[in-house]
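1. dropping a prediction and its sequence here:
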Amino acid sequence: MNPYIMSIFILGLGLGTTITFTSSHWLLAWMGLEINTLAIIPLMAQHHHPRSVEASTKYFLTQATAAAMILFASSTNAWITGQWSINELSHPVPSTIMMLGLALKIGMAPLHSWLPEVLQGLDLTTGLIMSTWQKLAPFSLLMQINLNNPVLITMAITSTMVGGWGGLNQTQLRKILAYSSIAHIGWMVLVLQFSPPLTLFTLVIYIFMTLSIFSLLNLNKTTSINSLATSWSKHPTITALAPLILLSLGGLPPLTGFGPKWMILSELTKQELYTIATITALSALLSLYFYLRLSYAMTLTLSPNTTPVTNQWRFSTKQVNMHLAISTILSLLLLPLLPNMMTIIN
């Protein structure tokens, strides 16, 4: 794609998200979401591959449905209450429809089935944008509306369970990361109505960890579990760090990913939601299983030593990996600073 055209689409992504961030009117927020959607669709279809075109079509139809639900809910709320402000969404009917529309936008279960299929048809760079940047605008709206709804808790628990179960039998890395995203969304939304700063903090940590793993896979040019075995001959140092990043995504101490999950379980316990906290903690074991599976395939499995694999290092090109280094450090070593960071956020 032409660099100037690419710059326009990237600026469109930033503009749409910024409009949604700064708006207090539902029409402006909806407009920002639509600009965001229209800016990423050409990036998704830029390779003109049948899978990417299929993914772009599925994404467009899904996001158009979600945008229609958001517009319908905001119009219904304005008709009932006379208010277009985002903070004035008080009637239960439009608030439930709005919640479902935003859940469809970010891929929460049971409205999640589009996310693994769409992510599977994208290249890793566009998949990274889909998994991180595209969640910012809907989450900003979720954090502004009044969410005292048991349906949201049910959807969050379902997301953690589906995100764990769905990734168990997958062989494609992008689908596994899609189910990982669904599980993490469930964790974030579960604590949203009790502690919005904790949800924001969990989202930031998730973005760091996802940036690390997508950058690592993009550097290795791997998209399936079978191709992970060639990582040792390509980038031994990064291959040694990859299991730590994956275990951080799984939430094992003393890595960064343990902090947000521990704080979320602590908050649920303070709210006396012991059953929900137990189910959520057990669902993390499901996700941890396929993270360990990826770690095993990458570090403890060697591919046959054919000539192209053995001589892979001779043909590697020098790439700028500063973002990978920074995101890896943040994904692994932030746990001692978490109390200070939560104090700043609060």
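-> Sure, I can see it.
2. from here on, contacts and neighbour counts on C-alpha atoms
-> Fine.
3. what's the average pLDDT for the strand or helix carrying residue 70?
-> According to DSSP states H and E, residue 70 maps onto helix 50-81. Helix 50-81 carries an average pLDDT of 92.
4. so where's the protein uncertain?
-> Filtered on pLDDT under 70, the chain yields the residue ranges 146-148, 302-320, 345-346.
5. show me how it divides into domains.
-> Split into domains by automatic domain parsing, the chain comes to 1-122, 147-346.
6. could I get the ones you listed as a markdown table with distance to residue 141 and mean neighbour count?
-> Output for those, formatted as a markdown table (distance: least, Cα to Cα, whole Å; neighbours: other Cα atoms under 10 Å):
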| stretch | distance to residue 141 | mean neighbour count |
| --- | --- | --- |
| domain 1-122 | 8 | 19 |
| domain 147-346 | 11 | 19 |
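7. need those in TSV with distance to residue 137, can you?
-> Output for these, formatted as TSV (distance: least, Cα to Cα, whole Å):
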stretch	distance to residue 137
domain 1-122	5
domain 147-346	12
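8. out of these, nearest to residue 138?
-> Checking those against residue 138 by Cα to Cα gives domain 1-122 as the closest, at 5.9 Å.
9. what's the span of the closest one from first residue to last?
-> Domain 1-122 has an end-to-end distance of 15 Å (Cα to Cα, to the nearest Å).
10. list phi and psi for residue 121.
-> phi -90, psi 0 (degrees, to the nearest 10).
11. contact partners for it?
-> The contact partners of residue 121, by Cα atoms under 8 Å, 6 or more residues apart in numbering, come to 51-55.
12. go through the domains of the chain and name the closest to residue 128.
-> Comparing the domains of the chain by Cα to Cα, domain 147-346 comes nearest, at 6.2 Å.
13. and that closest one, how far from the chain's centre?
-> Offset of domain 147-346 from its chain centre (Cα atoms, centre = their mean, to the nearest Å): 10 Å.
14. hmm, back to that, using TSV, lay out the contacts of residue 121 together with distance to residue 67.
-> Listed next are the contacts of residue 121 as TSV, based on distance: Cα to Cα, whole Å:
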residue	distance to residue 67
51	24
52	22
53	21
54	20
55	18
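15. which of those lies closest to residue 96?
-> For the contacts of residue 121, the residue nearest residue 96 by Cα to Cα is residue 55; the value is 27.9 Å.
16. could you check how far the closest one is from residue 130?
-> Remark: distance between residue 55 and residue 130 (Cα to Cα) = 12 Å.
17. what do those two both touch?
-> Common neighbours of residue 55 and residue 130 (Cα under 8 Å, 6+ apart) are residue 119.
18. how about the helices in the stretch 201-346 of the chain?
-> For the stretch 201-346 of the chain, the helices defined by DSSP state H, counting those that start in this stretch cover 231-234, 236-250, 258-270, 274-299, 307-310, 322-333, 338-345.
19. okay if I get the ones you listed as a markdown table plus distance to residue 117?
-> As requested, these are exported to a markdown table (distance: least, Cα to Cα, whole Å):
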| stretch | distance to residue 117 |
| --- | --- |
| helix 231-234 | 25 |
| helix 236-250 | 21 |
| helix 258-270 | 27 |
| helix 274-299 | 18 |
| helix 307-310 | 30 |
| helix 322-333 | 26 |
| helix 338-345 | 34 |
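20. go through those and name the closest to residue 155.
-> Distance to residue 155, taken as Cα to Cα, is lowest for helix 274-299 among the helices of the stretch 201-346 of the chain, at 11.9 Å.
21. what helices or strands is that closest one leaning on?
-> Other helices and strands packing on helix 274-299, by 3 or more Cα pairs under 8 Å, 6 or more residues apart in numbering; DSSP states H and E, are helix 150-166, helix 173-190, helix 231-234, helix 236-250, helix 258-270.
22. quick one, what contacts residue 338?
-> residue 259.
23. could you measure from the spatially closest residue to residue 220 that is not a sequence neighbour over to residue 321?
-> Of all residues not flanking residue 220 in the chain, residue 231 sits nearest, at 6.5 Å (Cα to Cα, 6 or more residues apart in numbering). Distance of residue 231 to residue 321, given as Cα to Cα: 16 Å.
24. just residue 294 next, same as before
-> 22 Å.
25. just checking, the residue nearest to residue 220 touches residue 300?
-> No - with contact defined as Cα atoms under 8 Å, residue 231 does not reach residue 300; the gap is 10.6 Å.
26. and the nearest residue to residue 175 once chain neighbours are set aside, what helix or strand is that in?
-> Leaving aside its sequence neighbours, residue 175 sits nearest to residue 116 (Cα to Cα, 6+ apart; 4.9 Å). Residue 116 is part of helix 114-120 when elements are defined by DSSP H and E.
27. next helix or strand past that helix?
-> Next helix or strand after helix 114-120 toward the C-terminus (DSSP H and E): helix 124-131.
28. quick one: that following helix to helix 173-190, angle?
-> Here helix 124-131 points in a direction 20 degrees away from that of helix 173-190 (axes from the mean of the first three to the mean of the last three Cα atoms, to 10 degrees).
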